[in-house]
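Peer 1: pasting the sequence and the predicted coordinates here, then a few questions.
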Amino acid sequence: MPFEAQRPCQTFMIATAAVSILTIGGCFSDEAMSQQREPAPSKAEKRSSKVDHRESMADTKKKGFDGVDFSYDLFGAPSGQDTAKIAEQAKAKDMAEKPGVMAKQKQLLAERYKLQCRALPAVTMTNGKSQPIGPVTQLKNGLTWDKLGGLDAEEIKSKNLFPAGFQRLPHVKHEVGGMVFPSMQIKQFPRLERFDVEFDLPECFLPEFPPPIFLTTHPELGDVSQGEVLDAENFDRLFRGLVTPVQLDGLRLLVTQFPQEEFNATLDRKSAKPSLGVSCLDCHVNFHSTGQIHLNPDTRPQSDRFRLDTTSLRGLFNQQIHGSKRSLRSVEDFSEFEQRTAYFNGDPIRAMKKGINMIDRLQVAHMAQMQNMIDFPPAPKLDPMTGRLNRKQASEQEMQGEDLFFGKAGCGRCHQPPAYTDQMMHDLKLERFGAEADGPIKTFVLRGIKDSPPYLHDGRLLTLEDTVEFFNLIGGTQLTEAEKHSLTAFLRAL
């Protein structure tokens, strides 16, 4: 009976629930029908909604104050809320100022040098490009090289006679600096073009492009580049089978692009489009150089930093210090530290903003092993046992030049065979002549020097003839005209 007594109640509850479900269902049905009857949003309303959404996102990204925020703002740009707008304004300003920047540098070069390209048919680089013939440095007050070479440092300083072309060569845009690539390279790799500056020196004063590559392990093959520029697309095809797997992995890293101050994916860059960056071999093309420039990362303030002409990596196996100023003691250190110095001007904070790259030390060793396989170009007139001239093959002029090199000219005190370096740093004390002081600079190798114009760490000496005149002056060696020609002939035989 208790069970039977509950049945009417259950029946009532079920009926009530059914009515509720019908009622709710009816409501849902009415709402759905009402929604179906509403008109669809117009295209204009949809566009407006998207715009509102973008504006909302832009508002969200605003930093919220008008002061400078390093992670938002461009280097040297005014503060503000909209970083993208500031970047466009900075780019427009750079592009508007570019003609003036280049005209100023062109005038500076014209005041320092006679930039007409001179060549001699028999005087070529390894793959046949004509070597530039000088001297091209302008002299002051109608002086000749002989008269200038006969003056002492004090008189040159007091009368302001030190040639402008022997002074530091400034970066084309020194207040900004950064990597600048020559036009012949940009034609093949447009990603390396900057919108604010162009390269400044004529192509005739630069090395061959592309430079040849010589392996220590395969001297019988000669140039293994096959006339190509090593990059991420061809390195495996060109080098697999010629080098070890470890070395090939090192080469992979050397052609991999990493973020850099002017070439990166942020708004704070100098390339028109966002960039993955630059590779080691973008500057050291085919382990050599084609004149790329930068500012040294070791000096502050910015105005005191000096222009760097990219040095060759040939014969790195025979060198004990690396970097013009830093005196790094291994290729491994040089390979690793360049990512935090040359790439970001010695500023690790900027590297964190734009794409810091930490390479494992194991991989750094792979990069170093590959670099240590690169040889100097052939020098058939050198005796392989001594690194000096084989006098059975050398010309009379070249032999006279060698005698001067190790004798009167004094070059051999620092540049010792076989690589023609002493693995040390020296201060030339140019302030004796009224020039800016450079401080100690490493002794660069002279082996294969004919392939590496322009000369000195900043490229201020455009030809070997200018280099001989420079050291004749600061060394006080008072070489005759004939002796200078002989010395230059010997240098080309290296």
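Peer 2: Sure thing, it's come through.
Peer 1: next SSE downstream of the host helix or strand of M102?
Peer 2: Assigned by DSSP states H and E, M102 belongs to helix 83-112. For helix 83-112, the succeeding helix or strand toward the C-terminus, using DSSP H and E, is helix 145-149.
Peer 1: helices or strands up against that next one?
Peer 2: Packing contacts for helix 145-149, counted by 3 or more Cβ pairs under 8 Å, 6 or more residues apart in numbering; DSSP states H and E, involve helix 464-475. Every residue, glycine included, has its C-beta placed from N, CA and C.
Peer 1: where does the chain dip in pLDDT?
Peer 2: For the chain, the stretches with pLDDT under 70 are 1-51, 53-54, 61, 63, 66-67, 72, 79, 340.
Peer 1: buried stuff in stretch 376-388?
Peer 2: Buried residues in stretch 376-388, defined by neighbour count with 16 or more other Cβ atoms under 10 Å: 376-377, 379, 381-383, 388.
Peer 1: narrow those to those in strands?
Peer 2: Mapping the buried residues of stretch 376-388 onto strands (DSSP state E) picks out no residues; all lie outside.
Peer 1: which of the residues you listed lies closest to L430?
Peer 2: Ranked by distance to L430 (Cβ to Cβ), the buried residues of stretch 376-388 are led by F376 at 28.8 Å.
Peer 1: thinking again about what came up before, in the helix holding M102, what counts as buried?
Peer 2: Neighbour-count burial for helix 83-112, counted by 16+ other Cβ under 10 Å, picks out 83, 86-87, 90-91, 94, 98, 101-102, 105, 109, 112.
Peer 1: gap between that helix and the chain center?
Peer 2: Distance, stretch centre to chain centre, for helix 83-112: 19 Å (Cα atoms, centre = their mean, to the nearest Å).
Peer 1: reformat the buried residues of stretch 376-388 as JSON lines; add distance to E402.
Peer 2: Shown next, in JSON lines, are the buried residues of stretch 376-388 (distance: Cβ to Cβ, whole Å):
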{"residue": "F376", "distance to E402": "18"}
{"residue": "P377", "distance to E402": "19"}
{"residue": "A379", "distance to E402": "13"}
{"residue": "K381", "distance to E402": "10"}
{"residue": "L382", "distance to E402": "10"}
{"residue": "D383", "distance to E402": "11"}
{"residue": "R388", "distance to E402": "7"}
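Peer 1: from those residues, which land in helices?
Peer 2: Of those, none are assigned to helices by DSSP state H.
Peer 1: quick check, nearest of these to K450?
Peer 2: For the buried residues of stretch 376-388, the minimum distance to K450 (Cβ to Cβ) is 8.5 Å, reached by P377.
Peer 1: so the closest one is in contact with R314, correct?
Peer 2: Yes. Contact criterion Cβ atoms under 8 Å: P377 and R314 qualify, at 7.2 Å.
Peer 1: CA atoms of stretch 398-415 as PDB?
Peer 2: Extracted in PDB, the C-alpha atoms of stretch 398-415 (Å, rounded to 0.1, in the frame of the first residue of the first chain):
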ATOM      1  CA  GLU A 398     111.400  40.400 -55.500                       C
ATOM      2  CA  MET A 399     114.700  39.300 -54.000                       C
ATOM      3  CA  GLN A 400     115.700  42.900 -53.400                       C
ATOM      4  CA  GLY A 401     112.300  43.400 -51.800                       C
ATOM      5  CA  GLU A 402     112.900  40.400 -49.500                       C
ATOM      6  CA  ASP A 403     116.200  41.800 -48.400                       C
ATOM      7  CA  LEU A 404     114.600  45.100 -47.600                       C
ATOM      8  CA  PHE A 405     111.700  43.400 -45.800                       C
ATOM      9  CA  PHE A 406     114.100  41.700 -43.400                       C
ATOM     10  CA  GLY A 407     116.600  44.500 -43.400                       C
ATOM     11  CA  LYS A 408     116.300  48.200 -43.900                       C
ATOM     12  CA  ALA A 409     112.500  48.400 -44.000                       C
ATOM     13  CA  GLY A 410     112.200  46.500 -40.700                       C
ATOM     14  CA  CYS A 411     109.000  44.600 -41.600                       C
ATOM     15  CA  GLY A 412     110.400  41.300 -40.500                       C
ATOM     16  CA  ARG A 413     110.600  42.400 -36.900                       C
ATOM     17  CA  CYS A 414     106.900  41.800 -36.600                       C
ATOM     18  CA  HIS A 415     105.900  39.800 -39.700                       C
END
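Peer 1: residues in contact with that stretch: which ones?
Peer 2: Contact partners of stretch 398-415, identified using Cβ atoms under 8 Å, 6 or more residues apart in numbering, comprise 381, 388-389, 391, 394, 421-422, 424, 426, 443, 445-446, 471-472, 475, 477, 479, 483, 486-491, 493.
Peer 1: let's see that with 6 Å instead.
Peer 2: 389, 391, 422, 443, 446, 475, 477, 483, 486-487, 489-490, 493 (Cβ atoms under 6 Å, 6 or more residues apart in numbering).
Peer 1: which among these end up buried?
Peer 2: 389, 443, 446, 475, 477, 483, 486-487, 489-490, 493.
Peer 1: which parts of stretch 171-186 are buried?
Peer 2: Applying 16+ other Cβ under 10 Å to stretch 171-186 flags 171-173, 176-182, 185-186 as buried.
Peer 1: pull up the distance across that stretch, start to finish.
Peer 2: Counting by Cα to Cα, to the nearest Å, you get 18 Å between the two ends of stretch 171-186.
Peer 1: which residues sit against it?
Peer 2: 101, 105, 192-193, 197, 199-200, 203, 209, 261-262, 290-295, 307.
Peer 1: for stretch 273-287, same thing?
Peer 2: 191, 210-211, 213, 225, 230, 254-260, 263-265, 292, 310, 313, 374.
Peer 1: my read: D375 touches F214, true?
Peer 2: Yes. Taking Cβ atoms under 6 Å as the definition, D375 is a contact partner of F214 at 4.2 Å.
Peer 1: of those two, which one has the most company?
Peer 2: Taking other Cβ atoms under 10 Å, D375 and F214 do not tie; F214 has more neighbours (25 against 20).
Peer 1: and the more buried one, what does it touch?
Peer 2: Neighbouring residues of F214 by Cβ under 6 Å, 6+ apart: 375, 377.
Peer 1: so how far is A110 from it?
Peer 2: 37 Å (Cβ to Cβ, to the nearest Å).
Peer 1: L169 too?
Peer 2: L169 is 13 Å from A110, by Cβ to Cβ.
Peer 1: do the same with G150
Peer 2: For G150, the distance to A110 (Cβ to Cβ) stands at 27 Å.
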